[in-house]
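Q: The following block contains a protein sequence and its predicted model.
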Amino acid sequence: YGSTRPERILAEVKRKATRGDARSVVDTIDQYCRHQEWAMNVGDEKGTILDSIVCEVKPMAMLELGTYCGYSAVRIASLLPPNSRLITMEFNPVFAAIARQVIAWAGVEDKVVLIEGPSGDWIPKMKKEFGLTSFDLVFLDHWKDCYLPDTKLMEECGLLRTGSILVADNVICPGAPDYLEYVRGSPRYESKYFRSHLEYTRVEDGIEKSVFLG
Ligand SMILES: O=C(NCCO)c1cc(-c2ccc(F)cc2)cc(O)c1O
Ligand SMILES: [Mg+2]
């Protein structure tokens with residue numbers, strides 16, 4: 001019977017990664033997806049760029065849109081300061097179910113809150129649900145055509161403050177052209193492109209880091 005790709009990734013983590021060791025979970029997934037079967041994790045190359053931004057910002061409140069198997073949630077959580085939280089949102093229940101187990105295996109469940117459902121429904125509820133004022137850092141890695149509407153919604157819901165940073169994966173491949181045009185053209189953002197490659201390939205891709213100016 002056919003297992004899904006996320007199920008095969010989880011099986012590999014349970015077989016090869018050390019329970020409670022976030023880095024071994026990240027490395028196990030990278031090895032598997034580079035040598036066995038490709039999967040849409042942010043990956044090791046772009047992951048290093050993401051790591052440097054997380055370490056620079058030291059966010060107390062961080063949001064990830066698009067959990068998939070939990071690879072970047074684990075990667076980010078392993079770098080968060082004490083008492084800080086990553087809220088990660090996933091629309092696909094199959095992905096969410098696997099991600100919960102990957103996050104638990106890595107031993108970072110105390111730093112990560114995984115919420116399931118459509119970002120458009122959840123974003124307006126987040127302040128109340130989580131007692132938040134704003135996010136210090138947001139990682140956009142979900143449906144590429146949702147980057148722009150969800151960014152506008154976060155602005156409208158007051159979830160961004162002066163200095164909040166947006167980090168967007170895949171701005172070249174698959175691409176988020178309307179989002180790029182918006183953050184690069186808007187006087188309310190200071191944007192910078194980090195050239196890289198699509199995870200586990202030589203195809204060009206990149207990460208866009210945009211500071212909200214208020
Ligand atoms: O859709 C994506 N994420 C949201 C999923 O809920 C996504 C897709 C791709 C990708 C796929 C197919 C291809 F041919 C090239 C790229 C890569 C990524 O990093 C991604 O995040
Ligand atoms: Mg991605």
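A: Thanks, I have it. Ligands and ions are numbered 1, 2, ... in the order given.

Q: and the gap between P81 and G120?
A: In this view, P81 and G120 are 30 Å apart by CB to CB, to the nearest Å. All C-beta atoms are positioned from the backbone trio N, CA, C, and that covers glycine.

Q: ok, and does stretch 62-70 reach over to ligand 2?
A: No: figure legend: stretch 62-70 not in contact with ligand 2 (CB under 5 Å from the ion); closest approach 6.8 Å.

Q: Give me the average confidence score over that stretch.
A: Mean pLDDT, computed over stretch 62-70, is 99.

Q: Can you tell me, leaving aside adjacent residues, what's nearest to the residue in the chain positioned nearest to ligand 2?
A: Relative to ligand 2, the nearest point of the chain is D169 (3.7 Å; CB to the ion). Leaving out its chain neighbours, the residue that sits closest to D169 by CB to CB, 6 or more residues apart in numbering is D141, at 4.3 Å.

Q: and the protein, which residues reach ligand 2?
A: Checking the chain against ligand 2 by CB under 5 Å from the ion, the hits are D141, D169, N170.

Q: Am I right that the second one is in contact with H197?
A: Read it as D169. No: counting by CB atoms under 8 Å, D169 stays clear of H197, with 11.9 Å between them.

Q: shared neighbours of those two, anything?
A: Counting by CB atoms under 8 Å, 6 or more residues apart in numbering, the contacts common to D169 and H197 are K46, D205.

Q: ok so, going back, contacts only, for the residue of the chain closest to ligand 2.
A: By CB under 8 Å, 6+ apart, the contact list for D169 reads V42, K46, L50, G66, F139, L140, D141, D205, I207.

Q: Distance check, the last one against E45.
A: Just to be clear, that refers to I207. 10 Å.

Q: More neighbours: which of these two?
A: Neighbour tally, I207 and E45, criterion other CB atoms under 10 Å: the higher count belongs to I207, 25 against 16.

Q: how about the helix or strand hosting that one: buried residues?
A: For I207, the host element (DSSP states H and E) is strand 204-212. By 16 or more other CB atoms under 10 Å, the buried positions in strand 204-212 come out as D205, G206, I207, E208, K209, S210, V211, F212.

Q: elements contacting that strand?
A: Secondary-structure packing of strand 204-212 (3 or more CB pairs under 8 Å, 6 or more residues apart in numbering; DSSP states H and E): helix 43-57, strand 160-168, helix 177-185, strand 189-197.
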